[in-house]
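> Below are the sequence and a predicted model; questions follow.
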Number of protein chains: 2
Amino acid sequence: MIDYNHPAFQYYQNVSEQCIHYLSIDGVIFGFHQNQLKVLLLRWKGTDEWSLPGGFILKTESVDLAAQRIIKERTGLQTLYLQQFHVFGETVRYNQEETWAKINLPIQGINWSERTISIGYYALVEYAEVVPATDFLTEECRWWSLDAIPALLFDHNHIIEVALQSLRKNVGDQPISHLLPDTFTIPELQRLYETILGHSLDARNFYKKIMAQNNLERLAERRAGTPHKAPYLYRFKVAFSER
Amino acid sequence: MIDYNHPAFQYYQNVSEQCIHYLSIDGVIFGFHQNQLKVLLLRWKGTDEWSLPGGFILKTESVDLAAQRIIKERTGLQTLYLQQFHVFGETVRYNQEETWAKINLPIQGINWSERTISIGYYALVEYAEVVPATDFLTEECRWWSLDAIPALLFDHNHIIEVALQSLRKNVGDQPISHLLPDTFTIPELQRLYETILGHSLDARNFYKKIMAQNNLERLAERRAGTPHKAPYLYRFKVAFSER
DNA sequence: CCAAAAGTGTTTTCCATACACCCATGA
DNA sequence: TCATGGGTGTATGGAAAACACTTTTGG
């Protein structure tokens, strides 16, 4: 049952010593590219199975910092906007046998998680700055469009769903700027809101509302290389983007 | 250091075996009485120190059910409206030595929590139905008005603050009816909203807004025994209160 | 009759929505 | 020149806010 030479064995042994049992973190990393909201997913070694990035909390580490560490490792980012959004605490969150069979790991015999309570965090990151990195259990890390996400391992489809609902509900408070590059156009910003909210917005009303907040400054340049009329570039005013 | 005969020792030994380490639940139980928002607090045996009710999660129990169990034990209620609102995961949430000295318990030597991550839940309950009950570590359980809460043990003042912010933010979605008795008056309902929101409301606008939701039915009777004009009694319509 | 709270309607303001035309650009 | 998306103002409707007087009751 247990392959003591499997790298996962060593990993879980370390985790078992240094981390808090029964508890994990799952990260829903949102990015925005080509007018689509994306999440970063990992493909497990030797399989076609995908999951969210996640990890465990060191006994000496705050939960927020654990989430940062875990997500920094997958994105290469130094600074992160993170938001805790839900604790998934059911005793049976998914079919364990089925899942372990899928990921082909000899960990069902290890005295680690009969169950796991997961604290969900979502991150808002700038797509272009992310350098996706796998961990040693996975062999591919890449962005998926929200509307094309496959059936994931564990209950991760559900977690993404809850993360999105939470983001949607709180979109007014959140620093959406983190999802965008330094400069962007108003139509791009509108697509972002539309994708998060899940419905289209009126361009004129959107423009008015955004401008009323007085958070953007228009640059002299316009976006070059578009097939049509070149849109102006904007940037979040510093006081705002520093939030 | 360790008094093996102390009842707390036995308790923590059981907890240590059956419950998840490093993790706890704290409950902010909101009630409403005499036009004031209240929370249920516990006084620790032989001290003047108060804290929120809390407890631990059985290894075999879902987090939501653990919260229900813990709060049912302190309130005697059979049904509860509960809302998970935040995870408090700092490594140092309060001064442990100081706190343990205050509560006068010989648990600092027990191999239990170097730290505790706490999942915060708030409950909305009907004040009059609650029969406050102590646990074996405490000798008094009673309601405190939100604006008269003393300095509490642990970081519980902070937890209440965060719970209140969360309730305030979500007040529109929450089943406020759980905080009220079966029948109540419009001014009472208004006081409740005012207390949660932290500012006063215009009675005429409030009346219009509440009535526009079409959730209340006016009863034939009025509230008796008031020193002034007797207000009508109302009740939430069944379809609404069943939510 | 006086003090205090209950009960109620109208006006105004503001925010959200609906809506259409011209402009710039690349193909 | 045409197709496509960018950029912008005005008018309307509905919700929220401002606002005051009459009614009821106990003392």
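It's in.

> So which residues on chain A come close to DNA strand C?
Applying CB under 7 Å from any atom of the strand, we find that chain A lies next to DNA strand C at A:202-205, A:208-209, A:222, A:224-230. All C-beta spots, glycine's among them, are computed from the backbone N, C-alpha and C.

> Confidence-wise, which helix or strand of chain A is lowest on average?
In chain A, no helix or strand scores lower on mean pLDDT, DSSP states H and E than helix A:238-241, which sits at a mean of 59.

> wait, does the longest strand seen in chain A contact chain B?
Assignment by DSSP state E gives strand A:23-33 as the longest strand of chain A. Yes. Contact of strand A:23-33 with chain B (CB under 8 Å from any CB of the partner chain) involves residue A:23.

> what angle do that strand and strand B:23-33 make?
80 degrees (axes from the mean of the first three to the mean of the last three CA atoms, to 10 degrees).

> Could you give the separation of strand A:23-33 from the chain centroid?
For strand A:23-33, the separation from the chain centroid amounts to 2 Å (computed by CA atoms, centre = their mean, to the nearest Å).

> low-confidence ranges in chain A?
The model of chain A has pLDDT under 70 over residues A:1-2, A:106-113, A:239-243.

> Sketch out the strands for it, chain order is fine.
Using DSSP E, strands in chain A cover A:23-33, A:36-44, A:50-51, A:54-55, A:81-88, A:117-124, A:138-145, A:183-184, A:216-222, A:232-236.

> which neighbours does the third one have in its sheet, and in what orientation?
The pairing partners recorded for strand A:50-51 under DSSP bridges are strand A:36-44 (antiparallel).

> what's the distance between the partner strand and the middle of its chain?
How far strand A:36-44 lies from its chain's middle: 7 Å, per CA atoms, centre = their mean.

> Contacts (any at all) between DNA strand D and that strand?
No. Judged by CB under 7 Å from any atom of the strand, strand A:36-44 and DNA strand D are separated, with a smallest distance of 14.7 Å.

> which residues are in contact with that strand?
A:28-32, A:49-53, A:74-75, A:102-104, A:127, A:130, A:132, A:134-135, A:137-147, A:149, A:152-153, A:160, A:192, A:195-196 (CB atoms under 8 Å, 6 or more residues apart in numbering or on different chains).

> so it versus strand A:117-124, what angle?
Going by the same axes, to 10 degrees, strand A:36-44 makes 140 degrees with strand A:117-124.

> Give me the nearest residue to the residue nearest the centre of chain A, chain neighbours excluded.
In chain A, the residue lying closest to the centroid (CA atoms, centre = their mean) is residue A:29, at 1.0 Å. Take residue A:29 and drop its neighbours on the chain: the residue closest to it by CB to CB, 6 or more residues apart in numbering or on different chains is residue A:40, 4.1 Å away.

> how many neighbours does that neighbour have?
24 (other CB atoms under 10 Å in any protein chain shown).

> How about the one 4 residues further on?
Using other CB under 10 Å, residue A:44 has 20 other residues around it.

> what pairs with it across the strands?
Applying DSSP bridges, one finds that residue A:44 bridges with residue A:138.

> measure it to DNA strand C for me?
41 Å (CB to the nearest atom of the strand, to the nearest Å).

> Now do the helices in chain A.
Secondary structure of chain A (DSSP state H): helices at A:7-18, A:63-75, A:96-103, A:156-169, A:186-197, A:203-213, A:238-241.

> who does the fourth one touch, helix- and strand-wise?
What that stands for is helix A:156-169. strand A:23-33, strand A:81-88, strand A:117-124, helix A:186-197 (3 or more CB pairs under 8 Å, 6 or more residues apart in numbering or on different chains; DSSP states H and E).

> Report the distance from that helix to the chain centre.
10 Å.

> swap in stretch A:87-107?
For stretch A:87-107, the distance to the chain centre is 21 Å (CA atoms, centre = their mean).

> Which positions in that stretch come out as buried?
A:87-89, A:93, A:99, A:102-103, A:105-107 (16 or more other CB atoms under 10 Å in any protein chain shown).

> For stretch A:163-172, buried residues please.
A:163-164, A:166-167.

> Out of those, flag the one nearest to chain B.
residue A:166 (11.7 Å; CB to the nearest CB).

> Just give the nearest non-adjacent residue to the closest one, would you?
residue A:85 (4.1 Å).

> Report how many residues lie close to the one you found.
Residue A:85 has 19 neighbours, counted by other CB under 10 Å.

> That one and residue A:52: what is the separation?
As for residue A:85, its distance to residue A:52 is 13 Å (criterion: CB to CB, to the nearest Å).

> now swap in residue A:125 and tell me
14 Å.

> ok, now residue A:98?
Residue A:98 is 18 Å from residue A:52, by CB to CB.

> Residue A:97 now?
From residue A:97 to residue A:52 the distance is 20 Å (CB to CB).

> and if you look at residue A:193?
From residue A:193 across to residue A:52, the span is 24 Å (CB to CB).

> Those two: which is more packed in?
Ranked by neighbour count (other CB under 10 Å), residue A:193 and residue A:52 place residue A:52 first, with 25 against 16.

> Dihedrals phi and psi, that one?
phi -70, psi 150 (degrees, to the nearest 10).

> Is it in contact with residue A:24, as I believe?
No. Using CB atoms under 8 Å as the test, residue A:52 is too far from residue A:24 to be in contact (10.5 Å).

> Who are the contact partners of residue A:140?
Residue A:140 sits next to A:42-43, A:134 when contact means CB under 8 Å, 6+ apart.

> Which one (most neighbours) among these?
Busiest of those [other CB under 10 Å] is residue A:42, holding 24 neighbours.

> what about the closest residue to that residue other than its chain neighbours, neighbour count?
Counting by CB to CB, 6+ apart, residue A:138 is the residue found nearest to residue A:42 once chain neighbours are left out, at 4.1 Å. Residue A:138: 20 surrounding residues under other CB under 10 Å.

> now residue A:213
For residue A:213, using other CB under 10 Å, the count is 9.

> Kindly report the same for residue A:67.
A count of nearby residues for residue A:67, using other CB under 10 Å, gives 27.

> So what's the residue count around the closest residue to it other than its chain neighbours?
Nearest non-adjacent residue to residue A:67, counting by CB to CB, 6+ apart: residue A:121, 4.3 Å away. By the measure other CB under 10 Å, the count of residues near residue A:121 is 26.

> State whether residue A:121 and residue A:85 are indeed in contact, as I suppose.
Yes. The pair residue A:121 and residue A:85 passes the contact test of CB under 8 Å, sitting 6.8 Å apart.

> Quick one: name the residues of chain A near DNA strand D.
A:185-187, A:203-205, A:207-208, A:222, A:226-232.

> State the pair within these that is farthest apart.
Spatially, the most separated pair among the residues of chain A next to DNA strand D is A:208 and A:227, at 26.4 Å (CB to CB).

> In terms of neighbours, single out the busier of the two.
residue A:208 (10 against 5).

> Would you mind measuring from the more buried one to residue A:217?
In terms of CB to CB, residue A:208 sits 17 Å off from residue A:217.
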